[in-house]
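K.L.:
pasted the sequence and its predicted model underneath.
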Amino acid sequence: MSKLVFRAMFVLLIGVLVQSCGSTPTATPKGTELPGPETRALATALEREGASVALAEIMASASHPYFSTPAARYVVNGESLYFFEYPSEGNAEAEAGRVAPDGSSVATTQVSWVSDPHFYRSGPVVALYVGKQTSTLSLLQSVLGRQIAGK
């Protein structure tokens, strides 16, 4: 193989790797970038509290059909945390108001959680943590306030 072909393949490989490793926000069909600015601010606030925070994925609305917006799943100290950002605080409040006090259902949808659900709301964001880690619960309360529903 000639050096020129080898160099071209190497440059192409580097370009593919750089593109696949980028952390560019995902665009929704409406053009809004996800995660939204309020979600990113909450992730930064968690980091300021000393947490390890990483965006894991943007999940389609179909993955959480009881909410009308996609979820941004973050891994916070090894635990999954889901942020649902709405266009306004009113939208977030309305959707959060559909969650049963114990978190077992959202509107008419019964949910079988793998662990205890914990819902929070901060401005236009509804956050969901499913788990029992006391350190995670303390961290979330310090940044998001008291949970609005859950166990």
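P.N.:
Structure received.
K.L.:
check contacts around Glu38.
P.N.:
Glu85, Ser122, Gly123, Pro124, Val125 (C-beta atoms under 8 Å, 6 or more residues apart in numbering). Backbone N, C-alpha and C define where each C-beta goes, glycine included.
K.L.:
repeat that for 10 Å
P.N.:
Neighbouring residues of Glu38 by C-beta atoms under 10 Å, 6 or more residues apart in numbering: Phe83, Glu85, Tyr86, Glu89, Ala92, Ser122, Gly123, Pro124, Val125.
K.L.:
and which of those residues is nearest to Gln147?
P.N.:
Nearest to Gln147 among these, counting by C-beta to C-beta, is Ser122 at 11.2 Å.
K.L.:
that closest one - how many residues pack around it?
P.N.:
The tally of other residues near Ser122 (other C-beta atoms under 10 Å) stands at 20.
K.L.:
so what's it bridging to?
P.N.:
Val125 (DSSP bridges).
K.L.:
try His118
P.N.:
The partner residues for His118, given DSSP bridges, come to Tyr129, Gly150.
K.L.:
gap between it and Arg98?
P.N.:
16 Å (C-beta to C-beta, to the nearest Å).
K.L.:
so for these two, which sits in the more crowded spot?
P.N.:
His118 (24 against 14).
K.L.:
ok, the more buried one touching Gln141?
P.N.:
Yes - with contact defined as C-beta atoms under 10 Å, His118 reaches Gln141; the gap is 9.3 Å.
K.L.:
which neighbours do the two have in common?
P.N.:
Gln147.
K.L.:
SS state for Ala127?
P.N.:
Look at Ala127: counting by DSSP: H, G, I helix; E, B strand; the rest coil, its state is strand.
K.L.:
use 5 as the first number for this chain going forward.
P.N.:
With 5 as the first residue, the last one maps to Ala131.
K.L.:
that one touches Ala49, doesn't it?
P.N.:
No - Ala131 is beyond contact range of Ala49, at 11.4 Å (criterion: C-beta under 10 Å).
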